[in-house]
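Student: Make a model of this:
(one chain, ligands or ions: 1)
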Amino acid sequence: MDTTALSQLARRMLSSTNGEEVAHLLREGVCHVTGGAEVSIFLWDAPTGRLRPAAPGVKESLQPDPEVTDAAFREAEPITVPHSRGGFITAVPMRVGDRRIGLLALDVSELGPLDPDRLATVILLAEHAATALSSQRAIEETRGQFALLNNVLESITNGIVTIDAERRVVLMNRNAMAMLGAGTPKPRVALADAVPAPVADAVGGLIQEIRDQGFCMERRVTLKSAGGEDLPLAVSLSPLRDPVASNVGFIIVLRDMTASEELERLRHLDELKSQFVANVSHELKTPLTSIKAYTEALIDMVAEEQPKQFLKVIDEESDRLLYLINDLLNVSRIQSGRLKMHLEMTAPGALVQEVLKIARVQSEKHEVVVDVAADLPEMLLDRDKIKEVLINLLSNAVKYSPKGGRVWLRLKKLEGNLQIEVQDEGMGIAPENRSKLFQAFYRVDNSSTYEVSGTGLGLAIVKAIVDHHGGRVWVESEVGHGSTFYALLPIRTEARREEEASLRG
Ligand code: ADP
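Tutor: Here you go, the predicted structure:
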């Protein structure tokens, strides 16, 4: 084979993009050099550590034993050995540096050992083939990594734009295009021509910051969407470095802030609302307290029965208003995390007597059956708040059994806990409504509860108070037969450190 033919063949191999073609050219070249000796070509499969035929479907019958293959690779030299099917083969390793690429096996049984010139040509051809195959493999790997990176980039919910050191767009993912209202950017287009001016300006500012101080904060810009709505974006930037750490451009990350701004706005509104409710309730409470005090004084002073009766109605109605205002105050305290406990050693049974005198709990149609266990120890409780729990549960039991019936209040000791149970024979609660009962402002919406007035605050307050005592609440119920509300409170006699601090404070 003359030099021209040899270099032509080498060039074809190196410019090929197909492994099978390279194997074919190598086989052709070697056949030519050897005058038609049989050739088998194998590729090295790194994951399995084995040789496999270079062209699928072609039967390569000259496969050497693994030891021979290993020796050829190790020595980086052709080896001539007897073959298992009879005769001799020459195994020529194909390597690039230390990397095993493949192996060429040549049947030399009839040919005898190759003369040095021809052997050198075969080695040269094998080396060219190895180089061609190795760069093909590298290109495939790069393509695979690029496809993976592209997938990652497109699945990120943020907008990503990369620019080179001259601020020309290298890459823009679909989310960035959607946020910026841009189409696929033209190759190497200037950033200023590819994105809206506020974003380009923000990026300019961020690059300057990085140059001045080595880092930059995020900037906010607001764009107009196609529909004319505001689109708030957070723009951040980080330098893109090549392996030798020189700056070759920047990665721009765009985050759609619509949801978080809306959340911030709602949170702010919610705070305003809680504050408003707290202020109004407080303002209402002061005059109402004096109305109640004067009414009570008048009741004592007036002797005639009818005015006395009227005054009693005013007194009762003021009580109702006061409860409502207290509920509102409590809920706004719960929502803003300002509900404070004042724990003191209390006999739970003693609270029951005080609670039963309260008008909301009394009813002519209902019989309240009280069962307080004799073995209840004194425990740390916030007296007023636990009274509120009992009042809320008992008044609900009365309210939601409009036909009357019995209401049970039981206090018992259960393995280190005080269990409060309030049971009624009223309308009951359907299973699908039970999970929401303890949320503030939630009221079951059906024809029977419709008749009963309320605010949906009582049980939310009950739950918050019980939670603050380290306990839990739940309900068991059967529609049409009644409900039992449970509150389980751990019996504690020693305050935790932070509570002691707040007690002293
Ligand atoms: P309110 O009674 O002011 O509506 P609550 O927070 O005390 O608010 O109760 C929330 C809802 O739970 C009530 O609207 C009612 O539908 C239901 N509920 C509470 N207690 C009972 C009960 N004992 N029986 C039936 N339904 C009840």
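Student: Next, the buried residues of stretch 310-328.
Tutor: By neighbour count with 16 or more other C-beta atoms under 10 Å, stretch 310-328 contains the buried residues 311, 314-315, 318-319, 322-328. Bear in mind the C-beta positions are built from the backbone N, C-alpha and C, glycine included.
Student: And those, which is closest to L153?
Tutor: Of all the buried residues of stretch 310-328, L328 has the smallest distance to L153: 51.6 Å, by C-beta to C-beta.
Student: ok, that closest one to Q362 distance?
Tutor: L328 is 24 Å from Q362, where distance means C-beta to C-beta, to the nearest Å.
Student: can you confirm K186 is in a strand?
Tutor: No. Looking at K186 with DSSP: H, G, I helix; E, B strand; the rest coil, it is coil, so not inside a strand.
Student: So what's the residue count around I160?
Tutor: Look at I160: counted by other C-beta atoms under 10 Å, it has 18 neighbours.
Student: shouldn't it be in contact with N175?
Tutor: Yes. When contacts are counted by C-beta atoms under 8 Å, I160 is listed as touching N175 (7.4 Å).
Student: joint contacts of these two?
Tutor: Here I160 and N175 have L254 as joint contacts, going by C-beta atoms under 8 Å, 6 or more residues apart in numbering.
Student: Pull the contacting residues for G405.
Tutor: Listed by C-beta under 8 Å, 6+ apart, the contact partners of G405 are 365-367, 424-426, 482.
Student: What distance do you get for it to V462?
Tutor: In this view, G405 and V462 are 21 Å apart by C-beta to C-beta.
Student: And N173, by the same measure?
Tutor: Relative to V462, N173 is positioned 51 Å away (C-beta to C-beta).
Student: which one of the two has more residues nearby?
Tutor: Between N173 and V462, V462 has the larger neighbour count (other C-beta under 10 Å), namely 26 against 20.
Student: Now name the helix or strand holding that one.
Tutor: helix 458-468 (DSSP states H and E).
Student: Can you list the strands that the helix or strand following that helix pairs with?
Tutor: Next in sequence after helix 458-468, counting helices and strands by DSSP H and E, comes strand 472-478. Strand pairing for strand 472-478, determined by DSSP bridges: strand 482-490 (antiparallel).
Student: Using CSV, write out every CA atom in the strand it pairs with.
Tutor: Provided in CSV are the C-alpha atoms of strand 482-490 (Å, rounded to 0.1, in the frame of the first residue of the first chain):
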residue,chain,number,x,y,z
GLY,A,482,-75.5,13.5,69.4
SER,A,483,-71.8,14.3,69.8
THR,A,484,-69.1,13.9,72.4
PHE,A,485,-66.3,16.4,72.5
TYR,A,486,-63.1,15.3,74.3
ALA,A,487,-60.2,17.4,75.7
LEU,A,488,-57.2,15.5,77.1
LEU,A,489,-54.9,17.6,79.2
PRO,A,490,-51.7,16.3,80.7
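Student: in that strand, what counts as buried?
Tutor: So, applying 16+ other C-beta under 10 Å, buried residues of strand 482-490: 482-489.
Student: Three-state assignment for L149, please.
Tutor: What three-state DSSP gives for L149 is helix.
Student: Please report the distance of it from I299.
Tutor: 83 Å.
Student: Compare those two and say which is more crowded by neighbours.
Tutor: A side-by-side neighbour count of L149 and I299, using other C-beta under 10 Å, places I299 first with 16 against 11.
Student: any idea which element the nearest residue to the more buried one once chain neighbours are set aside lies in?
Tutor: Nearest residue to I299 in three dimensions, chain neighbours excluded: L311, at 4.8 Å (C-beta to C-beta, 6 or more residues apart in numbering). Per DSSP H and E: L311 is located in helix 305-335.
Student: Mind giving me the packing neighbours of that helix?
Tutor: helix 258-301, helix 458-468 (3 or more C-beta pairs under 8 Å, 6 or more residues apart in numbering; DSSP states H and E).
Student: Could you point out the helix or strand that follows that helix?
Tutor: As assigned by DSSP H and E, the chain's next helix or strand after helix 305-335 is strand 344-346.
Student: what's that next one in contact with?
Tutor: Taking C-beta under 8 Å, 6+ apart as the rule, strand 344-346 contacts 378-383, 386, 493.
Student: Just checking: the least confident one among those is which?
Tutor: Lowest pLDDT within the contacts of strand 344-346 is found at T493 (89).
Student: ok, back up a step: just the buried residues from the contacts of G405, in ChimeraX please.
Tutor: A single ChimeraX command is used to select the members of the contacts of G405 judged buried by 16+ other C-beta under 10 Å:
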select :366,424,425,426,482
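Student: The closest residue to L329 other than its chain neighbours: what's it in contact with?
Tutor: Of all residues not flanking L329 in the chain, S281 sits nearest, at 4.6 Å (C-beta to C-beta, 6+ apart). Neighbour list for S281: 325-326, 328-329, 332 [criterion: C-beta under 8 Å, 6+ apart].
Student: hmm, 7 Å instead?
Tutor: By C-beta atoms under 7 Å, 6 or more residues apart in numbering, S281 lies in contact with 325, 328-329.
Student: V203 now?
Tutor: Neighbouring residues of V203 by C-beta under 7 Å, 6+ apart: 191, 235, 237, 252.
Student: Most neighbours among these, which one?
Tutor: I252 (27 neighbours).
Student: how near is that one to S238?
Tutor: Here I252 is placed at a distance of 9 Å from S238 (C-beta to C-beta).
Student: P66: neighbouring residues, count only.
Tutor: P66 has 11 nearby residues by other C-beta under 10 Å.
Student: that older thread, and the buried residues of strand 482-490, which two are furthest apart?
Tutor: That would be G482 and L489, which, of the buried residues of strand 482-490, are the farthest apart (C-beta to C-beta) at 23.0 Å.
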